[in-house]
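> Just to be clear, the model below is a prediction. Sequence and coordinates:
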Amino acid sequence: MIVQKRLLILLAVLLGVHLAWSVWSWSRTPRIAYVRSEELVYGYFGMKEAVDAFQAEQQGWRSNLDSLTADLRRTMAKAAALRNEGRADEELERVAMKQQQELQRYAKAMEAKAQDEEREQLQAVLGQINTFVGAYAAQHGYNMVLGTTDEGNVLYGEGALDITEELLTALNEHHQGLRP
């Protein structure tokens with residue numbers, strides 16, 4: 001009887017130690033999730049707003065470019081008509097050349113500006129997303145949130161680890177709360 005009691009006590013102690021070890025081990029295991037980065041970025045309302053704003057700005061640039069192009073065409077048509085009549089106008093030819101150079105400079109400047117604007121807007125949106133993901137991960141107990149890309153930095157992730165949809169929903173709700 002005493003042996004049985006000692007065995008039961010020993011068994012209880014061993015079970016208690018095992019349980020404590022399991023809880024300690026589980027609490028030390030990092031909690032990892034992943035998101036489908038492209039879907040997160042392009043599904044984010046802030047990104048959609050940035051794209052719309054950028055496209056509106058580009059439309060203004062295109063309008064200016066179209067105006068400069070139309071001015072150049074009119075000048076060139078007038079110069080060609082005078083040449084055909086045998087009354088070439090050197091001043092008009094210089095004006096056309098100057099307009100063509102201005103058009104080329106403007107187009108080049110707008111292309112550079114568009115690239116800069118696009119890069120700045122993308123960085124701003126990615127900054128918003130990264131800040132939110134960090135706060136979301138801390139709030140939900142994630143030690144690491146990985147992002148999948150077409151380049152394959154995460155080759156496989158079990159579906160249960162994919163938090164893209166819940167994160168995107170929370171991100172968009174947060175974004176809507178920030179809007180006036």
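Yep, it's here.
> Tell me which residues of the lowest-mean-pLDDT helix or strand in the chain come out buried.
Within the chain, judged by mean pLDDT, DSSP states H and E, the helix or strand with the poorest mean is helix 2-28; its value is a mean of 70. Of the residues in helix 2-28, none is buried under the neighbour-count criterion (16 or more other CB atoms under 10 Å). From N, CA and C alone the C-beta is placed, and that goes for glycine too.
> Please list the residues outside the following helix or strand past it that contact it.
On the C-terminal side of helix 2-28, the nearest following helix or strand under DSSP states H and E is strand 32-36. Residues external to strand 32-36 that are found in contact with it (CB atoms under 8 Å, 6 or more residues apart in numbering): 133, 137, 142-148, 154, 157, 161-164, 167.
> Show me how far stretch 55-65 is from its chain's centre.
With CA atoms, centre = their mean, to the nearest Å as the basis, stretch 55-65 stands 22 Å off its chain's centre.
> For that stretch, list every residue counted as buried.
Buried positions in stretch 55-65, judged by neighbour count with 16+ other CB under 10 Å: Trp61.
> sorry, back to before: by neighbours, which of the contacts of strand 32-36 wins?
Counting neighbours by other CB atoms under 10 Å, the top entry in the contacts of strand 32-36 is Leu167, with 24 neighbours.
> and the direction of the helix or strand that residue falls within versus that of strand 32-36, what angle?
Counting by DSSP H and E, the secondary-structure element that holds Leu167 is helix 164-178. Here helix 164-178 runs at 70 degrees with respect to strand 32-36, directions being taken by axes from the mean of the first three to the mean of the last three CA atoms, to 10 degrees.
> Would you mind putting the CA coordinates of helix 164-178 into CSV?
This file holds the C-alpha atoms of helix 164-178, laid out as CSV (Å, rounded to 0.1, in the frame of the first residue of the first chain):
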residue,chain,number,x,y,z
THR,A,164,-4.0,37.9,-44.8
GLU,A,165,-7.8,38.3,-44.8
GLU,A,166,-8.1,39.1,-41.1
LEU,A,167,-5.2,41.5,-41.2
LEU,A,168,-6.5,43.3,-44.4
THR,A,169,-9.9,43.7,-42.8
ALA,A,170,-8.4,45.2,-39.6
LEU,A,171,-6.1,47.4,-41.7
ASN,A,172,-8.9,48.8,-43.8
GLU,A,173,-11.1,49.3,-40.7
HIS,A,174,-8.2,51.2,-39.1
HIS,A,175,-7.7,53.3,-42.2
GLN,A,176,-11.4,54.2,-42.4
GLY,A,177,-11.2,55.3,-38.8
LEU,A,178,-8.4,57.6,-39.7
